[in-house]
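Asker: Make a model of this:
(one chain, ligands or ions: 1)
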Amino acid sequence: MRMPVFWKCVNEDCQDDGVYNYKGLCRTCTQYDDKGKVVNAVARVKTTKEGTPLVSNKVETRKAVTLQDFKDFRRQNRRLTHKQVEALKAAQAHTLGQAQQDMPEDVSDTPIDTQVMPIGESLGEEE
Ligand SMILES: [Zn+2]
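Answerer: Numbers count the residues shown, from 1 in each chain. The predicted model follows:
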């Protein structure tokens, strides 16, 4: 499910702090000539319902977006951490369980005595 996107002018001097549900130019900031033609277009940016700017592809806002991106990323990560830890624990328990079945817990303290049962001979005995 996608978060609903709203639009808002983020111009500091803007008198219009309304949040719109459609993209467009800010009526307050955009400058028109006397024929109604756009002279200086000021577009609204994507925001949340509360008017917090969302990630934008605009180059001039990339720096601010990066910080917001980073915050979002951290927040997202924090939210996922619990689930990830649970999944990780389950995976580790599974892996450890298999590893303990497959090999001695501490291999270095358990020397394999090749003198008693060389692998080649044990295979030969089974034939
Ligand atoms: Zn504006």
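Asker: When you work out contacts or count neighbours from here on, use the C-alpha atoms and nothing else.
Answerer: Noted.
Asker: Where does the prediction get shaky in this protein?
Answerer: The chain contains residues with pLDDT under 70 at 1-2, 55-65, 76-80, 99-127.
Asker: got the residue ranges for the strands in it?
Answerer: Remark: strands assigned in the chain by DSSP state E are 6-8, 31-32, 38-40, 45-47.
Asker: Give the other helices and strands that the shortest one contacts.
Answerer: Pointing back at strand 31-32 there. strand 38-40 (3 or more C-alpha pairs under 8 Å, 6 or more residues apart in numbering; DSSP states H and E).
Asker: What parts of this structure come near the ion?
Answerer: Taking C-alpha under 5 Å from the ion as the contact definition, the chain meets the ion at 9, 14, 26, 28, 29.
Asker: JSON lines for those, including neighbour count and distance to residue 47?
Answerer: Formatted as JSON lines, those follow (neighbours: other C-alpha atoms under 10 Å; distance: C-alpha to C-alpha, whole Å):
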{"residue": "9", "neighbour count": "27", "distance to residue 47": "9"}
{"residue": "14", "neighbour count": "12", "distance to residue 47": "15"}
{"residue": "26", "neighbour count": "22", "distance to residue 47": "14"}
{"residue": "28", "neighbour count": "14", "distance to residue 47": "18"}
{"residue": "29", "neighbour count": "19", "distance to residue 47": "17"}
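Asker: Helices - which of the residues you listed land there?
Answerer: Using DSSP state H, no member of the residues of the chain next to the ion sits in helices.
Asker: what would the strands of the chain look like in CSV with mean neighbour count?
Answerer: Shown next, in CSV, are the strands of the chain (neighbours: other C-alpha atoms under 10 Å):
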stretch, mean neighbour count
strand 6-8, 24
strand 31-32, 14
strand 38-40, 12
strand 45-47, 24
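Asker: Please produce a markdown table containing the ones you listed, extended by distance to residue 91.
Answerer: Listed next are the strands of the chain as a markdown table, based on distance: least, C-alpha to C-alpha, whole Å:
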| stretch | distance to residue 91 |
| --- | --- |
| strand 6-8 | 41 |
| strand 31-32 | 59 |
| strand 38-40 | 57 |
| strand 45-47 | 39 |
